[in-house]
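# Just to be clear, the model below is a prediction. Sequence and coordinates:
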Protein chains: 2
Amino acid sequence: MSSTASRDAPIGIFDSGLGGLTVAHAVMRHLPGESLVYFGDTARVPYGPKSPETVRRYSQEIAAFLLEQGVKAIVVACNTATAHALPLLAETLPVPVLGVVGPGARAAVRATRTGHIGVIGTAGTIRSQAYVRAIHAEAPHMIVTATACPLLVPLVEEGWTNHEVTHLVAREYLDPFLKDEIDTLVLGCTHYPLLKPLIGEIIGRRVRLIDSAEETALDTGRLLADRDIATTAAIGSYRFIASDDPQQFLKLGQRFFGDAIEHVEVRTFG
Amino acid sequence: MSSTASRDAPIGIFDSGLGGLTVAHAVMRHLPGESLVYFGDTARVPYGPKSPETVRRYSQEIAAFLLEQGVKAIVVACNTATAHALPLLAETLPVPVLGVVGPGARAAVRATRTGHIGVIGTAGTIRSQAYVRAIHAEAPHMIVTATACPLLVPLVEEGWTNHEVTHLVAREYLDPFLKDEIDTLVLGCTHYPLLKPLIGEIIGRRVRLIDSAEETALDTGRLLADRDIATTAAIGSYRFIASDDPQQFLKLGQRFFGDAIEHVEVRTFG
């Protein structure tokens, strides 16, 4: 995997939909020479409420498709897919695979002073206990309080990132943390970075927010360097692929990606 | 189709998930002798934000599966699937097919006095203009105001059917109707019957709410009688099938179906 061809192969990044674009954009900013192939499973989004078996099946299909595109590594830019499918993918794929849970968990362990960490995510991510396991793998003595916030994804997708309703919903979900001793809160869903200002306002300044997208981008850089497969190119190229009609992707993608997305390919499954 | 076997064959009912259970329950109450096979596509729910092509592909797969189960008729108990796939299904399937849009539209035309009808639904249903077309097919002079309410489905699924947040969200969505002259509002999504009290409170008593589930059950009875395929049995039997793990279906199904659901089969696609 250390030939020039492999070094300059793209990184595959996938998510259930558009949320993983926050991860793709962080990778782009931190590793500007790397080329990316982003796949959003918009025809089957969201993964949050779905069963582990179904999410694993979808993830395997997408990983196989990304391998066909010649990727040198895969970033699972979806917390639910990471929670349910990362061990299986890491075991069965011929390229290195990185999820968003490990980087977020490790950053939280580094950041906390009190040893009490909060985690918010989708129903699937929280039910899987993936963050609790990942934090305890690093530091078994940590206290972890995790809670599911199912309405935050639809609210972000409605564009209500600073709406009175979203404040009310977030306050209700975050209420257990306000009485709690946490000093670090993991935003365990790729949609939540868009709610950082709102969540920060509710939770207060004494709590450090961990953005998994940023941490995953940094860990991706370390992984490529360790395996000696980092590109030597100056500027990468980007492909965006969706399983549903590209219109929604083009329309809403910029909200997550920051920059405009000009072209989206389509690849359906099943 | 008028043999005894066909008469006693079940009716197939499908939805993107659990919402169509409100339709199944209405059919059960109005036509207690009919047997039902209900399919909820919980592995790919929701259909609301997805493209017409994708919803058509999913609907065709499910209809083919229901035919394999020997159904004598199919009720598309999902507004989005009706909007995008009903014409195609009606044209290509060898059994009668009924959607939820026509019955709701016809009931609204019968109910209105002012000739101004409101419609609420998912983004996909509203964008498709299916209700506007169906109402105008009955009565071309009607004025129709339609608006998408994407957050109502996640709020119902969170169980917040009488929560302060849901009041705020519904008030914001229904605001255009409050200044409007509508006297009839079509609940154009199978989740909305669970919000009937809340919507009724906001919209006021002068506006009649049309529950598509009830109207579809009544039209199903008429269709079976017209085609001479109504059962002569006294009590029907019910099968429930999901494309994702049955636990969620068992847990949340009762909310929509009213009665307890004891057993759910699984059939995956793709």
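Good, I have the coordinates.

# Which parts of chain A are helices?
For chain A, helices defined by DSSP state H occupy the ranges A:4-7, A:21-30, A:52-68, A:79-92, A:101-111, A:123-128, A:130-138, A:152-157, A:164-178, A:196-203, A:212-226, A:246-257.

# So for B:E164, which of the ones you listed sits nearest?
In terms of C-beta to C-beta, the element of the helices of chain A nearest to B:E164 is helix A:164-178, at 6.8 Å. C-betas here are computed from N, CA, C, even on glycine.

# Just confirm A:V132 contacts A:V144, I think it does.
Yes: counting by C-beta atoms under 8 Å, A:V132 does reach A:V144; the two are 4.8 Å apart.

# domain ranges for chain A?
A:4-99+A:214-266, A:101-212 (automatic domain parsing).

# before we move on, the earlier item: and the helices of chain A, which one averages the lowest pLDDT?
Ranked by mean pLDDT, the helices of chain A bottom out at helix A:4-7, which scores a mean of 69.

# Surely A:R208 touches A:V186?
No: using C-beta under 8 Å, A:R208 makes no contact with A:V186, being 9.8 Å away.

# if we can go back for a sec, which residues do A:V132 and A:V144 both contact?
A:V119 (C-beta atoms under 8 Å, 6 or more residues apart in numbering or on different chains).

# and those two? which has more neighbours close in?
A:V144 (21 against 17; other C-beta atoms under 10 Å in any protein chain shown).

# who's in contact with the more buried one?
Residues in contact with A:V144, defined by C-beta under 8 Å, 6+ apart, are A:H116, A:I117, A:G118, A:V119, A:Y131, A:V132, A:I135, A:H136.

# Greatest separation within the residues you listed: which pair is it?
Pairwise distances across the contacts of A:V144 peak at 14.7 Å for A:G118 and A:H136 (criterion: C-beta to C-beta).

# Could you measure from the residue nearest the centre of chain A over to A:D244?
Geometric centre of chain A, nearest residue: A:A77, 3.5 Å, by C-alpha atoms, centre = their mean. Going from A:A77 to A:D244 by C-beta to C-beta, to the nearest Å gives 17 Å.

# and what of A:S6?
31 Å.

# who has more neighbours, the two?
Taking neighbours as other C-beta under 10 Å, A:S6 and A:D244 compare with A:D244 leading, 23 against 16.

# quick one: pLDDT of that one?
On pLDDT, A:D244 comes in at 94.

# Please name the residues that touch it.
Neighbour list for A:D244: A:T42, A:A43, A:V45, A:V266, B:K50, B:S51, B:T54 [criterion: C-beta under 8 Å, 6+ apart].

# Can you lay out the residues you listed as a markdown table showing distance to B:F257 and neighbour count?
As requested, the contacts of A:D244 are exported to a markdown table (distance: C-beta to C-beta, whole Å; neighbours: other C-beta atoms under 10 Å in any protein chain shown):
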| residue | distance to B:F257 | neighbour count |
| --- | --- | --- |
| A:T42 | 29 | 26 |
| A:A43 | 27 | 25 |
| A:V45 | 26 | 26 |
| A:V266 | 36 | 16 |
| B:K50 | 24 | 27 |
| B:S51 | 29 | 21 |
| B:T54 | 27 | 21 |
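
# Quick check: the farthest pair among these?
Distance extremes for these: the farthest pair is A:V45 and A:V266 at 14.3 Å, using C-beta to C-beta.

# If we ignore the residues flanking it in sequence, what's nearest A:A107?
A:E215 (4.4 Å; C-beta to C-beta, 6 or more residues apart in numbering or on different chains).

# Would you mind measuring from the residue in the stretch 1-150 of chain A that chain B sits nearest to to B:E265?
Proximity of the stretch 1-150 of chain A to chain B (C-beta to the nearest C-beta) peaks at A:S51, 3.2 Å away. Distance, A:S51 to B:E265, using C-beta to C-beta: 14 Å.

# ok, now A:R267?
Relative to B:E265, A:R267 is positioned 30 Å away (C-beta to C-beta).

# Those residues of the stretch 1-150 of chain A touching chain B, which are they?
Residues of the stretch 1-150 of chain A lying near chain B by C-beta under 8 Å from any C-beta of the partner chain: A:42-45, A:49-54, A:57, A:61, A:150.

# Including distance to A:P10, could the residues you listed go into JSON lines?
As requested, these are exported to JSON lines (distance: C-beta to C-beta, whole Å):
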{"residue": "A:T42", "distance to A:P10": "20"}
{"residue": "A:A43", "distance to A:P10": "22"}
{"residue": "A:R44", "distance to A:P10": "23"}
{"residue": "A:V45", "distance to A:P10": "23"}
{"residue": "A:P49", "distance to A:P10": "31"}
{"residue": "A:K50", "distance to A:P10": "28"}
{"residue": "A:S51", "distance to A:P10": "31"}
{"residue": "A:P52", "distance to A:P10": "28"}
{"residue": "A:E53", "distance to A:P10": "29"}
{"residue": "A:T54", "distance to A:P10": "27"}
{"residue": "A:R57", "distance to A:P10": "24"}
{"residue": "A:E61", "distance to A:P10": "19"}
{"residue": "A:P150", "distance to A:P10": "33"}
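
# With respect to A:I13, which of those is nearest?
A:T42 (14.4 Å).

# Report the contact partners of A:A85.
Contact analysis of A:A85 by C-beta under 8 Å, 6+ apart lists A:V55, A:R56, A:S59, A:Q60, A:V76.

# In PyMOL, how would I select just the buried ones from these?
One line in PyMOL is enough to select the buried members of the contacts of A:A85, burial here meaning 16 or more other C-beta atoms under 10 Å in any protein chain shown:
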select buried, chain A and resi 55+56+59+76
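
# So for A:Y131, what's the nearest residue that isn't a sequence neighbour?
Using C-beta to C-beta, 6+ apart, the closest residue to A:Y131 is A:V119 (4.4 Å).

# who does the one you found bridge with?
Taking DSSP bridges as the rule, A:V119 bridges to A:A146, A:V186.

# list the contacts for A:A134?
So A:A134 contacts A:V101, A:G102, A:G104, A:A105, A:R106 (C-beta under 8 Å, 6+ apart).

# Quick check: chain neighbours aside, which residue is closest to it?
Of all residues not flanking A:A134 in the chain, A:A105 sits nearest, at 3.6 Å (C-beta to C-beta, 6+ apart).

# pretty sure the one you found is touching A:Q129, no?
No: counting by C-beta under 8 Å, A:A105 does not reach A:Q129; the two are 11.6 Å apart.

# neighbour count winner among those two?
Between A:A105 and A:Q129, counting by other C-beta under 10 Å, A:A105 is the more crowded of the two (29 against 14).

# Thanks again, I'm all set now.
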